[in-house]
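Asker: Compute the structure for the input listed below.
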Amino acid sequence: MNALQGLSTEVRQYLLVTGNYWAFTLTDGALRMLVVLHFHGLGYTPLQIAALFLFYEVFGVITNLVGGYLGARLGLNRTMNLGLGLQVIALLMLTVPTAWLTIPWVMGAQALSGVAKDLNKMSAKSSIKLLVPDSRQGTLYKWVAILTGSKNALKGVGFFLGGALLALLGFAGAVLAMAVVLALIWLGSLAWLRQDLGKAKAKPKFRDLLSKSRAINILSAARLFLFGARDVWFVVALPVYLSSALGWDVWRVGGFLAAWVIGYGIVQSLAPAITGKRRGHVPDGRAAFIWAGLLAALPAAIALGLSAGWNTQVVLLGGLMLFGVLFAVNSSLHSYLIVSYAKEDGVSLDVGFYYMSNALGRLIGTLLSGWVFQAWGLAACLWISTAFVLAAALISRGLPPGRARE
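Answerer: Residues are numbered from 1 along each chain as shown. The predicted model follows:
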């Protein structure tokens with residue numbers, strides 16, 4: 001406590017935002033795994049499971065765009081607290097009897113959860129820009145990498161938590177337990193978060209929702225394809241394939257995906273060292289192109305291995321590990337670039353616009369994950385992933401070779 005008292009007000013506020021973000025991330029990861037495994041067990045097809053996440057991703061797109069505007073006008077504390085409250089409501093909606101869990105009802109709960117998740121992400125990512133001087137880009141890269149990596153490691157823990165809670169408490173019991181814990185965190189956040197965190201000095205107009213920066217527009221387009229490439233096979237196709245084709249139970253599916261995301265988050269935290277920060281290198285647009293190009297070969301190699309009849313578990317699980325390492329570096333590098341490119345005053349506007357593209361990529365990937373897997377199988381999902389990563393690499397060639405100043 002004495003150490004916390006010695007920190008500046010801004011850093012203490014950021015730690016509160018980050019703590020809220022971590023707590024939310026645990027419930028978000030657990031809820032995603034709960035929904036996939038529970039409704040697969042009820043006999044839902046992969047396409048129907050993907051449809052359950054439709055509003056989650058659609059409202060994520062809208063929330064990032066409007067949430068950045070609200071954060072700049074009202075303060076990031078309000079957007080953070082609103083997100084926590086909406087997630088509690090979303091969880092409580094899923095505690096109803098099984099007969100009430102129709103597709104429209106679950107989609108509605110997922111819509112609230114999607115709004116909540118992206119309000120939290122936008123608030124946390126925007127806050128970090130306010131703490132690091134513009135001249136210290138190496139420090140900014142390190143802090144962004146740590147935040148992003150730790151969040152995804154906790155999301156992996158959430159995947160395992162979701163599988164474990166489903167086995168121990170059942171679906172309704174699991175979501176109720178998470179709602180109670182998150183409600184307590186929300187009450188603490190209402191009491192302690194400062195009211196003016198992240199407010200823009202000049203009140204933004206609604207027309208400022210769309211970015212005027214060429215670098216941010218290009219980076220956003222690349223982000224769309226990058227995250228579509230991951231989710232087109234990871235969100236629905238992979239857990240259903242592990243369960244149906246390989247015969248894994250909920251413990252193994254949840255445990256493996258949790259371990260993958262935790263490892264992914266650790267690599268994200270180490271990305272500055274991997275990309276050369278220790279040698280004084282801070283990545284730019286050229287680095288985004290190079291790392292995306294390296295990633296593109298992996299889903300294609302996994303698809304070829306599966307089609308050739310090689311050992312499925314070795315090809316799929318080994319390939320997935322390598323994909324996770326390279327994707328983590330790409331994601332961490334992108335997360336740094338958007339914070340670096342964003343304007344300091346009203347930072348949430350630029351960050352919100354960027355993560356709108358991120359959410360749109362997840363939406364496209366999620367829908368394709370269910371549809372393509374159901375129609376053509378996992379290998380087809382992997383080929384689409386390859387095409388998406390190549391698109392992200394080609395778009396990244398338009399990024400400035402140094403830091404953008406627009």
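
Asker: okay, now Asp284: neighbour count?
Answerer: If you count neighbours by other Cβ atoms under 10 Å, Asp284 ends up with 18. The way it works is simple: take the backbone N, C-alpha and C, and place the C-beta from them, glycine included.

Asker: no wait, Gly43
Answerer: Here the count is done by other Cβ under 10 Å, and Gly43 has 7 residues near it.

Asker: That one: which element?
Answerer: Following DSSP states H and E, there is no helix or strand that holds Gly43.

Asker: Also the one 4 residues further on?
Answerer: Taking DSSP H and E as the criterion, the element that holds Leu47 is helix 46-52.

Asker: What is whatever helix or strand comes next after that helix packed up against?
Answerer: Per DSSP H and E, the first helix or strand lying C-terminal to helix 46-52 is helix 54-74. With contacts taken as 3 or more Cβ pairs under 8 Å, 6 or more residues apart in numbering; DSSP states H and E, helix 54-74 sits against helix 76-93, helix 103-129, helix 347-376.

Asker: Make TSV from these and add distance to Val250 to it.
Answerer: Listed next are the helices and strands packed on helix 54-74 as TSV, based on distance: least, Cβ to Cβ, whole Å:
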stretch	distance to Val250
helix 76-93	19
helix 103-129	18
helix 347-376	19
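
Asker: So for Ala172, which of the ones you listed sits nearest?
Answerer: Ala172 lies closest, by Cβ to Cβ, to one member of those: helix 76-93, at 10.4 Å.

Asker: Check the secondary structure at Thr95 for me.
Answerer: Three-state call for Thr95 (DSSP: H, G, I helix; E, B strand; the rest coil): coil.

Asker: Return the distance of it relative to Tyr354.
Answerer: Going from Thr95 to Tyr354 by Cβ to Cβ, to the nearest Å gives 34 Å.

Asker: For those two, indicate the residue with more neighbours.
Answerer: A count of neighbours by other Cβ under 10 Å puts Tyr354 above the other of Thr95 and Tyr354, at 28 against 17.

Asker: residues contacting that one?
Answerer: Tyr354 is in contact with 64, 211, 216, 219-220, 223, 338, 342, counting by Cβ atoms under 8 Å, 6 or more residues apart in numbering.

Asker: Could you list the buried residues of stretch 321-333?
Answerer: 323-333 (16 or more other Cβ atoms under 10 Å).

Asker: nope, stretch 71-86 is what I was after
Answerer: Buried, per 16+ other Cβ under 10 Å, within stretch 71-86: 71-86.

Asker: could the helices and strands packed on helix 54-74 go into JSON lines alongside mean pLDDT and distance to Ile395?
Answerer: Converted to JSON lines, these look like this (pLDDT from 0 to 100; distance: least, Cβ to Cβ, whole Å):
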{"stretch": "helix 76-93", "mean pLDDT": "88", "distance to Ile395": "29"}
{"stretch": "helix 103-129", "mean pLDDT": "82", "distance to Ile395": "21"}
{"stretch": "helix 347-376", "mean pLDDT": "85", "distance to Ile395": "11"}
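
Asker: Among the buried residues of stretch 321-333, which lie within strands?
Answerer: Counting by DSSP state E, the buried residues of stretch 321-333 place none of their members in strands.

Asker: with those residues in mind, which one is nearest to Gly19?
Answerer: Ser332 (20.8 Å).

Asker: related to what we said a few turns ago, just the contacts of Tyr354 now: which is nearest Leu168?
Answerer: Closest to Leu168, out of all of the contacts of Tyr354 and judged by Cβ to Cβ, is Asn64, at 34.3 Å.

Asker: what about the residue lying closest to that closest one once chain neighbours are set aside, neighbour count?
Answerer: Of all residues not flanking Asn64 in the chain, Met356 sits nearest, at 3.8 Å (Cβ to Cβ, 6 or more residues apart in numbering). Burial of Met356 is recorded as 27 neighbouring residues (other Cβ under 10 Å).

Asker: Asp231 now?
Answerer: As a burial measure, Asp231 scores 26 neighbours (other Cβ under 10 Å).

Asker: can you tell me how far it sits from Thr148?
Answerer: Per Cβ to Cβ, Asp231 is found 17 Å from Thr148.
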